[in-house]
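Participant: Generate a structure from the sequence data that follows.
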Amino acid sequence: MKKVSRLKGFKLLCAALLLLGSTAILPLPAAKANYFNDLYNGLQKFSELPGEVNQLQESYQQTVEELQKTKDALGNAQDQMQNVQAQNAALQEQNRQLTQVVDELRDDRESRENYYNKIKVTIYTGIGLVVGYFVFIRLIRLGMRHRSRKEERLR
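Facilitator: Sure thing, here's the model as predicted:
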């Protein structure tokens, strides 16, 4: 135990000597005793303070004016945005109505085309039936004429 305490004491002594040696080597700053110069400089800085305060007040006023301009510009931009949104909503409604009208017109056109196609089919069918009737009658007459000649030959 005594060895440990001696070792600690030796380390403490070495550290103290090192600290004392470093303070002896490094130069210490010299103290200034010029009180009148310091007092004059302090009074001069104190006399300059009202000018700096005035500059700060002017800077503050400029900042307040810029802030007000920015607020006004923001208000105008918000009003414009609301107007644009209202116009956008109106245009969307108008677009929806136009789309509905276009769809109705397309449906009307399709129904008209379907009606015309039905009429065409009906007309073609009627013409086909009339032509078929005349052809059928003609074939029956030819058949009857051919039979009557055949019977005349057989007689």
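
Participant: use CA for all of it now, contacts and neighbours both
Facilitator: Will do.

Participant: and stretch 139-147, C-alpha only, in CSV?
Facilitator: What follows is stretch 139-147, C-alpha atoms only, in CSV (Å, rounded to 0.1, in the frame of the first residue of the first chain):
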residue,chain,number,x,y,z
LEU,A,139,-90.7,-20.4,-113.2
ILE,A,140,-94.2,-21.8,-112.5
ARG,A,141,-95.5,-20.6,-115.9
LEU,A,142,-92.5,-22.1,-117.6
GLY,A,143,-93.0,-25.3,-115.8
MET,A,144,-96.7,-25.3,-116.7
ARG,A,145,-96.0,-24.5,-120.3
HIS,A,146,-93.4,-27.3,-120.5
ARG,A,147,-95.9,-29.8,-119.0
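
Participant: Find out how far it is from the centre of the chain, if you would.
Facilitator: Stretch 139-147 sits 86 Å away from the centroid of its parent chain (CA atoms, centre = their mean, to the nearest Å).

Participant: Also stretch 138-147?
Facilitator: 85 Å.

Participant: biggest helix in the chain, by residue count?
Facilitator: Looking across the chain with DSSP state H, the single longest helix is helix 35-154.

Participant: Tell me how many other residues crowd residue 115.
Facilitator: When counting by other CA atoms under 10 Å, one arrives at 12 neighbours for residue 115.

Participant: ok now do it, which residues does it touch?
Facilitator: If a contact means CA atoms under 8 Å, 6 or more residues apart in numbering, then residue 115 has no contacts.

Participant: Could you check how far it is from residue 126?
Facilitator: The gap separating residue 115 from residue 126 is 17 Å, by CA to CA, to the nearest Å.

Participant: likewise residue 56?
Facilitator: Distance, residue 56 to residue 126, by CA to CA: 103 Å.
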